[in-house]
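S.K.: Okay, predicted coordinates and the sequence, questions at the end:
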Protein chains: 2
Amino acid sequence: MGRAVTHDRGKLVSDARDMFWRKGFDAVSVADVEAATGVGRSSIYHAFGNMRGLFDAAVTDYLDTIVRPRLRPMTVEKVDGDAVIDYLSRLRDAIAVIDRDGAAPAGCLLLTTAAGNIGGDDAVAQVVAAYHRELSTAIARGVQAHLPDADATTRDRMTRMTVAASIAGLSLARVDADAACATLDAAIATLAEQRRR
Amino acid sequence: MGRAVTHDRGKLVSDARDMFWRKGFDAVSVADVEAATGVGRSSIYHAFGNMRGLFDAAVTDYLDTIVRPRLRPMTVEKVDGDAVIDYLSRLRDAIAVIDRDGAAPAGCLLLTTAAGNIGGDDAVAQVVAAYHRELSTAIARGVQAHLPDADATTRDRMTRMTVAASIAGLSLARVDADAACATLDAAIATLAEQRRR
DNA sequence: TCCTTTGTGAACCGAACGTTCCACAACTAT
DNA sequence: ATAGTTGTGGAACGTTCGGTTCACAAAGGA
């Protein structure tokens, strides 16, 4: 079988994921990953082929451990009526905590990626588009549970506006956390008001 | 006086602006600017000090020639009731045209910048936050003119959701133009429906 | 004409980048 | 024990980066 792996692949990927998340694909160098993880570049290239391979693994990990758990209450079979509100509220809290310490990455790895130079890459654009669809689908189910009596047009509109608020909040998170929170609060209030009618 | 300038400073700045817009600050090198404008790097450094100086000039130009003209119908004294709708509609059209040819830059220079590595820079973050405030103020006046009878809470909520739709549309523009357009359409429909009541 | 000022083009710098290569270490199967 | 396979460590590759320097050309004022 050959020599056993001595480094922790999972930790390597999640560390790299946080670095990409915080600084963007192009700003993370092999040397940075080496320094942060203690794993030599030969091992990195041996395991992932190149930086792009490591990035792809980081994106997959981001989707599995960050995005989907957050969406989970809206993707299960029986969706609670408050699932959308809870989602927005948790997102708000996550953004509010950001940058108090520099520890937690801000915004969204995929939106940051889409805005960066690598966003022009077709494969990356498709991943981001797929993420947007996954987010939209989940929120649509959350809106459906929240506004079961609304007509399809209204629900679709509310879904798109809620998704827009999420994206705008994540885009603003780095630059103006207060504005990002206010945006999400407005989305929560709009959904609540819509239900009252 | 000494020798007169032979290159066109305005063209140099607008060309650089488009390059930053399309590829992001970090992806543009001095050599790229040289190749695109025909102006030597000595002249560039002589006129702008360094790459950051050129970028600042490009951002100022972006605000003056792209952003503020778009917002203008909402910043004049007498705001038309359809000014917000027109703004969103024009934004939608601009995004729809994108990427049919590779000519027009996609998205928003400032949002791209905020998402990139240079977004961590305090000065840059403040410029982006100021842009967000300028956008919010203009849209608030547009919403005010569109919904003159609505209460302050509703207007504020609609303002934030409209701003969110703009930002989300611009963020999605590169990656999924159809989704970006659909988001702006939803914002237009929501505003129109709000007026009907 | 001479002098000062400014633009220009080319060469060069040290640093950083992603990537490749090779010798050696560690492990399994025979 | 030996051969074969796989991970590791470190050096080095070639390229590109932003920035600097310098000699020279061009233009206007004295």
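M.R.: Cool, got the structure. Residues are numbered from 1 along each chain as shown, chains lettered A, B, ... in the order given.
S.K.: Lowest-scoring secondary structure element of chain A by mean pLDDT?
M.R.: helix A:109-115 (a mean of 90; mean pLDDT, DSSP states H and E).
S.K.: Which elements pack onto that helix?
M.R.: Contact here means 3 or more CB pairs under 8 Å, 6 or more residues apart in numbering or on different chains; DSSP states H and E; on that basis helix A:109-115 packs against helix A:9-23, helix A:51-62, helix A:122-146, helix A:152-172, helix B:109-115, helix B:152-172. All C-beta atoms are positioned from the backbone trio N, CA, C, and that covers glycine.
S.K.: most centrally placed residue in chain A?
M.R.: The geometric centre of chain A, computed from its C-alpha atoms, lies nearest to A:Cys108 (CA atoms, centre = their mean), at 4.4 Å.
S.K.: for that residue, what are its contacts?
M.R.: A:Ile167, A:Leu170, A:Ser171, A:Ala173 (CB atoms under 8 Å, 6 or more residues apart in numbering or on different chains).
S.K.: Ignoring the adjacent residues along the chain, who's closest to A:Leu170?
M.R.: With CB to CB, 6 or more residues apart in numbering or on different chains as the measure, A:Cys108 is the residue that lies nearest to A:Leu170, at 4.2 Å, once sequence neighbours are left out.
S.K.: So which bits of chain A are right by DNA strand C?
M.R.: Taking CB under 7 Å from any atom of the strand as the criterion, chain A approaches DNA strand C at residues A:1-4, A:28-32, A:41-42, A:45, A:50-52.
S.K.: at 6 Å what do you get?
M.R.: Neighbours of DNA strand C within chain A, by CB under 6 Å from any atom of the strand: A:Met1, A:Gly2, A:Arg3, A:Ala4, A:Ser29, A:Val30, A:Ala31, A:Arg41, A:Ser42, A:Tyr45, A:Asn50, A:Met51.
S.K.: On the three-state scheme, the third one is what?
M.R.: I take that to be A:Arg3. Classification of A:Arg3 into helix, strand or coil gives coil, according to DSSP: H, G, I helix; E, B strand; the rest coil.
S.K.: how near is it to B:Gly119?
M.R.: For A:Arg3, the distance to B:Gly119 equals 42 Å [CB to CB, to the nearest Å].
S.K.: and what of the second one?
M.R.: According to CB to CB, A:Gly2 stands 43 Å off from B:Gly119.
S.K.: Contacts for the least confident helix or strand of chain A next, please.
M.R.: Residues outside helix A:109-115 that contact it (CB under 8 Å, 6+ apart): A:17, A:20-21, A:24-25, A:58-59, A:62, A:66, A:119, A:124-125, A:127-128, A:131, A:167, A:170-171, B:24, B:107, B:111-112, B:114-116, B:171-172, B:174-175.
S.K.: Quick one: distance of stretch A:26-35 to the chain centre.
M.R.: If you compare the mean C-alpha spot of stretch A:26-35 with that of the full chain, they lie 21 Å apart, counting by CA atoms, centre = their mean, to the nearest Å.
S.K.: quick one: which of A:Arg3 and B:Gly119 has more around it?
M.R.: Here A:Arg3 and B:Gly119 are compared on neighbour count by other CB atoms under 10 Å in any protein chain shown; more neighbours surround B:Gly119, at 24 against 5.
S.K.: Grab the nearest non-local neighbour of that one.
M.R.: Per CB to CB, 6+ apart, closest to B:Gly119 is A:Arg174, 5.6 Å.
S.K.: neighbours around the one you found, how many?
M.R.: By the criterion of other CB under 10 Å, A:Arg174 has 23 neighbours.
S.K.: likewise the one 4 residues further on?
M.R.: Per other CB under 10 Å, the neighbour tally for A:Asp178 reads 11.
S.K.: how about the helix or strand where it lies: buried residues?
M.R.: Under the criterion DSSP states H and E, the helix or strand holding A:Asp178 is helix A:177-196. Within helix A:177-196, the residues that count as buried by 16 or more other CB atoms under 10 Å in any protein chain shown are A:177, A:179-191, A:194-195.
S.K.: From those, pick the one nearest DNA strand D.
M.R.: A:Ala177 (29.1 Å; CB to the nearest atom of the strand).
S.K.: Relative to A:Ala104, how far out is that closest one?
M.R.: Summarising the geometry, the distance separating A:Ala177 from A:Ala104, computed by CB to CB, is 12 Å.
S.K.: Would you list the phi and psi of the residue nearest to the centre of chain A?
M.R.: As for A:Cys108, its main-chain torsions (degrees, to the nearest 10) stand at phi -130, psi 130.
S.K.: low-confidence ranges in chain A?
M.R.: Under the criterion pLDDT under 70, the flagged ranges of chain A are A:98-103.
S.K.: The nearest residue to A:Ala180 once chain neighbours are set aside: neighbour count?
M.R.: Leaving aside its sequence neighbours, A:Ala180 sits nearest to A:Leu172 (CB to CB, 6+ apart; 4.0 Å). A count of neighbours around A:Leu172, defined by other CB under 10 Å, yields 28.
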